[in-house]
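A.B. asks: Dropping the sequence and predicted coords here.
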Amino acid sequence: MEGILGPNGSGKTTALRIMAGIVKMDSGTIMIDGKEVEDYKKFSSTSISYVPEVPVLYETLTGDEYCDTYAKVRKDSDTDYYKRKERIADALSISGVMGKPIGTLSFGTKQKISILSALASDPQILILDESLNGLDPASIFVVKEVIKEMTSTGHFVIFSTHLLDIAEIVCQRVQILNKGKRVLEGNMDDLQGDGESGFLEKLFLNITENGDLIDRARRVGDYLFRSKDS
Amino acid sequence: MKSSKRFNEELERRGFSTSYMRAMVRRSGVIYGALFLVFSIILTFGTVSHNPSAISASSFSIFLYEFGINSFGSFSWIQGLKNQGILESSKLLFPNQNGFTLPLGWFLNTGFYTLFLDIPPVVLYFYFNRNFETLILQMIWGLSCIFLGFLFGSSLSVLSGLSRKGGNIGSGFLNALKLFSLTSVFILFDLTIFYPSYIGIFDFALKYPLDFIFPVLNMKFIAFQPHVNFDSLVASFSWTLFYLLISLYASYFISNKILDNIFEGHGTVNKKKKKSGSVKYRGIILSLISKDLKIATRDFNNISTFFIPVFFSLPALLEVFVNRRFGSFPPIYTYVSIFVLTSVSVSFYAIQSLVMEGKSFINMRIWRISNRDLILSKTLSSLIIFLFFAIPVAIIMVGANMNDLPYLILISIDAALAFLFSSILTIYFMISKIPDDAVNINIYSFGGTLGIIVIFLISALSGALSPIGSYIIGAFLAISPIDFPSVFLGMVLVLSLILTRIGFILLSEKNN
């Protein structure tokens, strides 16, 4: 499980969409397991699932119809699809609304359907582009558990987020992007050092904000609250 | 209104004031009322300026439309209450709801504004006939039509069990019904304007007492007749009030059923039978076509746009249909009419089939649908919708022109092939205008106004290739399309087949 972190505008979404085969790259290569894939478009269409930050689904289709259409355009056949879909929908607590038109559902439920469609198609590589935004804590927990299960069974998950505490728990590796460039890459164990909790947030802010932000935030806090006390 | 960003921001700014919400509902109602008034004025005055005696027939059409629009409106309104769970809180606050809560709430916020439809025909009828009592009778009938519409729409929603799919099963059917009622109104008005002798069909030749029994259909006998004596006046008022009371009582009765249905259904789990096993392989194209057809038929804006070419061809169609008794026409006339419908349809359908994707176009990228599959699926789904409209039109025209059955088959195949080739070329051009990484499509995505003009030109010219080619070949061989229609249509068929094949070759080269 690899986490892609970075401030707004750092190029996370573009990088992920290139990896997903959605956006063509101007230059460079994409390698899987150290090898360049010959027909990346074909590979990405059958092996990679991408979940965007905002769920833009077909509003007049039902959740079931949306997921089933994705499954049908993706693979020639999939023996366990319905069973898998049902189990994940139950875990995300959306079984009861899968027959309703997507347009009548809340943002969070739409996002769950978007994640469900990606997971139910059993991808080799799952790309989540800040897709946990808008989910309730229980659903974040479920997705986290599903992701852990996926990675333990040989699947690969690439995950971009602003939720650094989640990245700290679920990611084995992280990359930090800033202004379109990779500024840090490494295994979580190496980066963690003394094992202090919240280390990723400090590391992230130090790299992307040159350390100023923490001081600035403390100064604002002092100004707002301590000045009142005194 | 709920999904409007501006409304939500303003509502938040005003601290979620209920008076603001009420004012917004009232304002949108007034706008709808004004639109209904304009719509009714255009249709009624258009009819009467051609034929003043057609006022009762045009009024009848307006009242029928009022009934239809309220049937649709009440059905959608109840589905909205159900799907959004709007009444959930009131269930706790007011466990014993009055039976009038629902119909009255619906009437005050939506149904009332359709009364504006009645004003122009009622006032005009009064102007021509100077019967003051009919003014009152017809307005009461207007009210009755509104509540009868509510009764019909709400009964439909109860009968459909407020479908477990949250209204999706019914929405395609309902949109078809709405479109049918709208088309019927246009046909009725076309008939009353251009073929007044046909308006006699509205008399239904009902004899007393049957003419007093069927509501809406019998309206003409009650509210659109001079009352020769006091007895007939009393009878008309009695029947009119009787129908109003019946519709009100029935609305009261059914609203309890609706409330039961709404409260029972909301929040329950999806009872749809779970599918199991392997996902059925249907191929990318078939899955995309199925998705497109669902999107097209479940949204009234989409389906009405697909219907626009048929509206354009309605006057021509009616003329053929109405004048059929004057003799048979050469099959080539039928072909030309169908060809015009095809050419107009291609550009509309090509644009609509892509524009209806809107922001959801990102899914085509996420699902990694190739441009070839996209063009093919959009072309074929458009063709299916086109055939749905065009085949009945072809049957009517061939029948009205007294052409033989083989011509129907030949003309239909020629039209379908012309549509196919022309669509492939048009959508190919449109897709080439969309950047590879575009995740959103709208009407301006194809090169702005100039792009739209080019789309219309491409579809018209590409559709005309085979008939023009056949005409030129025919001219060389001295074969007139009027004298030898089967030879001409056969040549069109061969050329269309060749062009369609070229279209598919063009597509197979576009694999990205």
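C.D. replies: Sure thing, it's come through. Numbering: from 1, shown residues only, chains lettered A, B, ... in the order given.
A.B. asks: okay, now A:Ser160: neighbour count?
C.D. replies: Neighbourhood size, A:Ser160 [other C-beta atoms under 10 Å in any protein chain shown]: 24. C-beta coordinates here come from the backbone N, C-alpha and C atoms, glycine included.
A.B. asks: How confident was the prediction at it?
C.D. replies: Looking at A:Ser160, its pLDDT reads 88.
A.B. asks: Now do the same contact list for it.
C.D. replies: Neighbour list for A:Ser160: A:3-6, A:12-13, A:16, A:128-130 [criterion: C-beta atoms under 8 Å, 6 or more residues apart in numbering or on different chains].
A.B. asks: Would you map the strands across the chain?
C.D. replies: With no chain named, the answer covers chain A. A:2-5, A:31-32, A:35-36, A:48-51, A:125-129, A:156-160, A:173-178, A:181-187 (DSSP state E).
A.B. asks: actually chain B
C.D. replies: Counting by DSSP E, chain B forms no strands at all.
A.B. asks: For the helix ranked longest in it, the averaged confidence score.
C.D. replies: In chain B, with assignment by DSSP state H, the single longest helix is helix B:230-265. Helix B:230-265 carries an average pLDDT of 79.
A.B. asks: for it, packing partners?
C.D. replies: When contacts are defined as 3 or more C-beta pairs under 8 Å, 6 or more residues apart in numbering or on different chains; DSSP states H and E, helix B:230-265 packs onto helix B:55-84, helix B:101-109, helix B:132-159, helix B:219-223.
A.B. asks: which residues does the residue nearest to A:Met98 when sequence neighbours are not counted contact?
C.D. replies: Distances taken as C-beta to C-beta, 6 or more residues apart in numbering or on different chains place A:Gly63 nearest to A:Met98, at 4.0 Å, with adjacent residues excluded. A:Gly63 makes contacts with A:89, A:94, A:97-100, A:102, A:105, A:113, A:116, as judged by C-beta under 8 Å, 6+ apart.
A.B. asks: cool, B:Phe306 as well?
C.D. replies: So B:Phe306 contacts B:296, B:348-349, B:352, B:385, B:389 (C-beta under 8 Å, 6+ apart).
A.B. asks: Could you check the pLDDT of B:Phe421?
C.D. replies: So B:Phe421 comes in at 93 (pLDDT).
A.B. asks: these two touch, right, it and B:Gly503?
C.D. replies: Yes: counting by C-beta atoms under 8 Å, B:Phe421 touches B:Gly503, with 4.8 Å between them.
A.B. asks: of these two, who's got more company?
C.D. replies: Counted by other C-beta under 10 Å, B:Phe421 and B:Gly503 do not tie: B:Phe421 has more neighbours, with 27 against 22.
A.B. asks: So the more buried one versus chain A, what's the distance?
C.D. replies: 25 Å (C-beta to the nearest C-beta, to the nearest Å).
A.B. asks: Identify the residues contacting that residue.
C.D. replies: Per C-beta under 8 Å, 6+ apart, neighbours of B:Phe421: B:462-463, B:465-466, B:496, B:499-500, B:502-503.
A.B. asks: mind running it again at 7 Å?
C.D. replies: B:462, B:496, B:499-500, B:503 (C-beta atoms under 7 Å, 6 or more residues apart in numbering or on different chains).
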